[in-house]
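Undergrad: Provided below are the primary sequence and the corresponding predicted coordinates.
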Amino acid sequence: MDRRTVFSGRLLPHLLLAPQLLLTVFFFYWPAATAVWSSLTAEDAFGQGWIFVGLDNFQDLLTDPLYLQSALRTVVFCVAVSVLAMAVALLLAVFADRVIAGRGLYRTLLIWPYAVAPATSAALFVFVLHPRFGLLGRWLNTHGFDWDYTLNGVQAMGVVIAASAWKQVSYNFIFFLAGLQSIPRAVIEAARMDGAKGWLRFRTITFPLLTPTTVFLLVVNLVYAAFDSFGTIYALTQGGPSKDTETLVIKVFRDGYINHDIGGSSAQSVLLMLAVIAVTAVQFRFMGRRTLS
Amino acid sequence: MNNRPDWLAHIILGLGVLLFVLPVWLVFAGSTQDPDAIARGALSPWLDPSGFGVYARVLSRGALGGQPVWHMLAISFAMALAIALGKIAISVTSAYAVVFFRFPFRRAAFWLIFITLMLPIEVRIIPTYAVMADFGLINSFTGLWVPLIASATATLLFRQVFTAIPDALVEAARMDGAGPLRFLRDIALPVSGANIAALFVILFVYGWNQYLWPLLVATDPHLDTIVIGIVKMIGVDSQTDWGAVMATTIIALLPPVIVVVAMQRWFVAGLTEGEK
Amino acid sequence: MATLDLLGLRKSFGSTEVLRPIDLSLQDGEMLVIVGASGCGKSTLLRLVAGLETPNAGRVILGGRDVTDLDPAERDIAMVFQNYALYPHMSVFDNMAYGLKIRGLTKAAILARVQETAALLGLSALLDRKPRQLSGGQRQRVAMGRAIVREPKLFLFDEPLSNLDAKLRVQMRADIKRLQKRLGVTSLYVTHDQVEAMTLGDRLLILHDGQPAQLDTPMAVFERPADMYVAGFIGAPSMNFLHGRLEDGGSAIRLQTGALIALPARYAGDAVVLGIRPEHLHAAPAGTVPYGGAAGGAPGGPDAGPGDSGDAPNALGTPSGALPVAVDLVEPLGSETLIYGRVIGGDDSIVVRLAGVAAVAGSILVSLRAEFAHVFDRATGRRLIPID
């Protein structure tokens, strides 16, 4: 939707656009193009140069069990974090909407965790769950439970899921609360008069009316879990023990930066790009391109 | 339902608050305790008032082999501010250009910018690193923040705000003799004030909390942000200065939390604007 | 039998008392309209009956059952909201079926009832639509359908017509009245519109600042308003109030202008207000002697002696005598003409309603039909009863 009244001038708009356009070209399109190009190359046998290998890198990736496991792990991780973070946030939002005394204070106390860095969240969780240094971790071990996420892959996954979800609850809480407050009060009252109480009313009226918010948050959470969680996972487990928490973004980092497999990591980046584009496209389609209006 | 206090709500919300406060409290209390005791696994939830000295120590000297925390704080501040202000600046100007002018390829330019919305930095890290190397920006302060301001979320927001400015306002300003830049400064910007405030909070937190990108692009310890610093400190197992780690963690938390809490109203309004 | 009894209902929000203790009894099948200005407490009263607010004191008895402590869901009451409050994500059919489903009716029973009600309201073709696809009037009917289909003991209407345009409002008003009579369900209807009140109510409750000002049939409220608030509220344009004092043993009023107006009965009191509706005033032929004697009226004020202008009060009913009025504004409406002005010699403003088209000059002589005059005590505002 364009506006009717505009200013005349040719030079000025170009000057105004230039900074962002330039940055976008240099730090988005050029790297993206480079990634695509690199994904189609591999080092030659002597490590001296690059040869074009077409889609070989992709083929290798998609048949590499390590990659596929990492992909599966990522899906499990993303879904678990999203569901956990959204469920807890929804529960808190429902009661924050309902409560009268102290509602401002509760809101503040539930919003501040948004500011915690993913890596910092990991640091906090170390002191809670580490088998030797963490308060709870140590308690578990001294009470007969064999707890060590530095050795047990399943426990490690649980810890990174918890730490990532913990940080994300605030964001979801803010949106769920806004969504709940945008439901007209009279509709809820009409439901009460129709005989719907408590859980029934939530299930048949409130939650369905939250659908746009829920879908939006699901997409945002999935993308967050896939990417922003790098700091949390890397700080807690570095993707270990033995790759048990290595999600795709950790793998890109490890293969590209640490192992210098440019071709392979570029191919991974390209695949990730495609996945994000697909998910975002679905979101815009479903939401009727709200933000684009 | 009106006059009786809602016990269930208070219990659930109270538990929620504790869920977030307790880990932070634990680390805060732990920071005042004896680091050797913690290394032995004796972390306790109680505060030791005699241990506050760790903060002074960590601020001025940092942990073993690490940067003094005041320095890392400064880097984080500078980086977060640069990202917040930089992104707001280029987004305002781009959105303004796209909304208030007509020129060939205007739509194409907008789409070019819009597409970046879809790709977080983590997806393009390696090639972006290569570009930075080409520019000679590895291990430079500029390299820390410049690539992070390229994406389009803020531009979209301002585009929406600017499109909604009533035609009558523009026409009145024009009749008063205001050119495009003056209009931007005197009318368009003030109108977007609340949005700018909200974005500032979001971007400041975003910039402060970066981990992957600074890790890649700056190996020089003098460019360590405080978040990088914390993770580095945890790295070494047996020799970890736990008190320093904990104190630094608390220090790292404070500025973004303060920004969020202080600007809470704008922040929430800005985030949920598209919702209604 | 669904009678409604409200006993001593009181409500405060914080330190503000919104409803003073109210007692009210509705008979089975009666439509009671609660009317008043914004903030008078009428919506609060409705919400107390609905159970959406809890009273600070008092009981609500529906059909002999004390429902005061019950959740709205358990009271068997249906409500039509001002903004309709339809469930946006459900079709018209599901909106109407919702309450029935919760009560556990069989699918067949629900189908039958919803279709029957839809037919009654002309909604049969719209059953699959969602609320956002409906016009305002259609949504209103769905809101009513949702209430009707539940066959409750009591209907509550919360200003249901306020959001409709004028033409639709008139039509729906008639529909609501017809439906209520046909279904015979006891109803409580809240509005600020006095036309709705007059046309829909079997009885009216006029609320003023949380207290009942009058509870009576519409005609009684119109013809015998209990106080100046009710008198000024019902009837448009509002009743005129002319200030003066009782004289002559209470059988005449001396206005501020000095005019002396005979009354059809005797009243006890001192400082009073004469109330007369604009339609009960008419233009006196030119040359009519003003009330109280000399043309232009004596500016001596209400305490000027009776020998002042050398006249005797006019006989009852004779149209002789007039008030001089300075005209401020004339509104020709075609079917009638409204004249806004001030009584010459006094402070009171006055509105006169003349039938048809009238030619009006800068000042006119206005006479009133004394049998339609109301007398109110100036201090309390309450209507004075004749002492004969």
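TA: The structure has been received and is ready for your questions.

Undergrad: test my guess that A:Gly137 contacts A:Val128.
TA: Yes. Counting by Cβ atoms under 8 Å, A:Gly137 does reach A:Val128; the two are 7.0 Å apart. (Each C-beta comes from the backbone N, C-alpha and C, glycine too.)

Undergrad: which one of the two has more residues nearby?
TA: Neighbours per residue (other Cβ atoms under 10 Å in any protein chain shown) separate A:Gly137 from A:Val128, with A:Gly137 holding more: 25 against 20.

Undergrad: distance from the chain centre to the helix or strand harbouring that one, please.
TA: Following DSSP states H and E, the helix or strand that holds A:Gly137 is helix A:135-142. Relative to its chain's centre, helix A:135-142 lies at 29 Å (Cα atoms, centre = their mean, to the nearest Å).

Undergrad: do stretch B:70-78 as well
TA: That offset, for stretch B:70-78, works out to 13 Å (Cα atoms, centre = their mean).

Undergrad: just stretch A:11-23 next, same as before
TA: Centroid displacement of stretch A:11-23 relative to its chain, using Cα atoms, centre = their mean, is 31 Å.

Undergrad: how about stretch C:27-35?
TA: Distance, centroid of stretch C:27-35 to centroid of chain: 13 Å (Cα atoms, centre = their mean).

Undergrad: what residues sit buried inside it?
TA: C:Gly29, C:Glu30, C:Met31, C:Leu32, C:Val33, C:Ile34, C:Val35 (16 or more other Cβ atoms under 10 Å in any protein chain shown).

Undergrad: strands along chain A, start to end?
TA: A:41-43, A:50-52 (DSSP state E).

Undergrad: which one of those lies nearest to C:Leu121?
TA: Proximity to C:Leu121 (Cβ to Cβ) singles out strand A:41-43 among these, at 71.3 Å.

Undergrad: mind listing the helices for the stretch 1-150 of chain A?
TA: A:11-24, A:30-39, A:56-63, A:65-98, A:103-111, A:118-129, A:135-142 (DSSP state H, counting those that start in this stretch).

Undergrad: residues in contact with the helix holding A:Gly137: which ones?
TA: Under the criterion Cβ atoms under 8 Å, 6 or more residues apart in numbering or on different chains, residues A:127-132, A:147-149, B:26, B:41, B:43-45 lie in contact with helix A:135-142.

Undergrad: can we see that at 10 Å?
TA: A:125-132, A:134, A:145-149, A:155, A:159, B:22-23, B:26-27, B:29-30, B:38, B:40-45 (Cβ atoms under 10 Å, 6 or more residues apart in numbering or on different chains).

Undergrad: list buried residues within those.
TA: By 16+ other Cβ under 10 Å, those give A:125-131, A:134, A:147, A:149, A:155, A:159, B:23, B:26-27, B:29-30, B:38, B:41, B:43 as buried.

Undergrad: point out where the chain drops to low pLDDT.
TA: If you meant another chain, say so; for now it's chain A. For chain A, the stretches with pLDDT under 70 are A:1, A:44-48, A:287-293.

Undergrad: oops, I was thinking of chain B
TA: Those would be B:1-4, B:118, B:235-239, B:274-276, if you go by pLDDT under 70 across chain B.

Undergrad: who does C:Gly244 form a beta bridge with?
TA: C:Leu255, C:Val272 (DSSP bridges).

Undergrad: picking up where we left off before, please identify the most buried of the helices of the stretch 1-150 of chain A.
TA: helix A:118-129 (a mean of 26; mean count of other Cβ atoms under 10 Å in any protein chain shown).

Undergrad: restrict that one to CA atoms and write it as CSV.
TA: Below are the C-alpha coordinates for helix A:118-129, written out as CSV (Å, rounded to 0.1, in the frame of the first residue of the first chain):
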residue,chain,number,x,y,z
PRO,A,118,21.6,-17.1,25.2
ALA,A,119,25.1,-17.6,26.3
THR,A,120,24.4,-16.0,29.7
SER,A,121,21.5,-18.3,30.1
ALA,A,122,23.9,-21.2,29.6
ALA,A,123,26.2,-19.8,32.3
LEU,A,124,23.3,-19.6,34.7
PHE,A,125,22.2,-23.2,34.0
VAL,A,126,25.7,-24.4,34.6
PHE,A,127,25.4,-23.3,38.1
VAL,A,128,22.1,-25.0,38.5
LEU,A,129,22.6,-28.2,36.7
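
Undergrad: got the residues of chain C near chain B?
TA: Within chain C, the positions adjacent to chain B are C:Lys11, C:Phe13, C:Gly51, C:Leu52, C:Glu53, C:Thr54, C:Pro55, C:Asn56, C:Asp71, C:Pro72 by Cβ under 10 Å from any Cβ of the partner chain.

Undergrad: wait, isn't the last one in contact with C:Val60?
TA: No. Counting by Cβ atoms under 10 Å, C:Val60 is not a contact partner of C:Pro72; they are 11.3 Å apart.

Undergrad: what do the two both touch?
TA: With Cβ under 10 Å, 6+ apart as the test, C:Pro72 and C:Val60 both reach C:Val49, C:Ala50, C:Gly51.

Undergrad: ok, now which ones touch the last one?
TA: With contacts taken as Cβ under 10 Å, 6+ apart, C:Gly51 has the following neighbours: A:189, A:192-193, B:1, C:60, C:67-75, C:77, C:79.

Undergrad: C:Gln194: which of these is nearest?
TA: C:Met79 (22.3 Å).

Undergrad: okay, and the beta partners of the closest one?
TA: Beta-bridge partners of C:Met79, as defined by DSSP bridges: C:Leu156.

Undergrad: enumerate every residue touching it.
TA: By Cβ under 10 Å, 6+ apart, the neighbours of C:Met79 are A:186, A:189-190, A:192-194, C:46-47, C:49-52, C:72, C:85, C:143, C:146-147, C:152, C:154-158, C:160, C:188.

Undergrad: got it, and A:Ala226?
TA: Going by Cβ under 10 Å, 6+ apart, the list of residues near A:Ala226 reads A:74-75, A:77-78, A:81-82, A:247-249, A:272, A:275-276, A:279, B:120, B:122-123.

Undergrad: try it again with 8 Å
TA: Applying Cβ under 8 Å, 6+ apart, the residues near A:Ala226 are A:Thr74, A:Cys78, A:Thr247, A:Leu248, A:Val249, A:Leu272, A:Ala275, A:Val276.

Undergrad: repeat that for C:Asp28.
TA: Applying Cβ under 8 Å, 6+ apart, the residues contacting C:Asp28 are C:Met1, C:Ala2, C:Thr3, C:Gly184, C:Thr186.

Undergrad: would you turn those residues into a markdown table with neighbour count and pLDDT?
TA: Converted to a markdown table, those look like this (neighbours: other Cβ atoms under 10 Å in any protein chain shown; pLDDT from 0 to 100):
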| residue | neighbour count | pLDDT |
| --- | --- | --- |
| C:Met1 | 9 | 60 |
| C:Ala2 | 22 | 87 |
| C:Thr3 | 17 | 92 |
| C:Gly184 | 11 | 92 |
| C:Thr186 | 23 | 94 |
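
Undergrad: does stretch B:32-45 reach chain A?
TA: Yes. Using Cβ under 8 Å from any Cβ of the partner chain, stretch B:32-45 reaches chain A at B:Ile38, B:Ala39, B:Gly41, B:Leu43, B:Ser44, B:Pro45.

Undergrad: let me know the secondary structure of the third one.
TA: What it means is B:Gly41. At B:Gly41, secondary structure determined by DSSP: H, G, I helix; E, B strand; the rest coil is coil.

Undergrad: thought it was touching A:Arg132?
TA: Yes. Taking contacts as Cβ under 8 Å, B:Gly41 lies within contact range of A:Arg132: 5.0 Å.

Undergrad: gap between the nearest residue to A:Phe52 once chain neighbours are set aside and B:Ala130?
TA: Excluding its sequence neighbours, the residue lying closest to A:Phe52 (Cβ to Cβ, 6 or more residues apart in numbering or on different chains) is A:Thr41, at 5.7 Å. Distance, A:Thr41 to B:Ala130, by Cβ to Cβ, to the nearest Å: 13 Å.

Undergrad: let me have the residues of chain C next to chain B in a markdown table, extended by secondary structure and pLDDT.
TA: Shown next, in a markdown table, are those (DSSP: H, G, I helix; E, B strand; the rest coil; pLDDT from 0 to 100):
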| residue | secondary structure | pLDDT |
| --- | --- | --- |
| C:Lys11 | strand | 92 |
| C:Phe13 | strand | 89 |
| C:Gly51 | coil | 91 |
| C:Leu52 | coil | 91 |
| C:Glu53 | coil | 90 |
| C:Thr54 | coil | 90 |
| C:Pro55 | coil | 93 |
| C:Asn56 | coil | 92 |
| C:Asp71 | coil | 88 |
| C:Pro72 | helix | 89 |
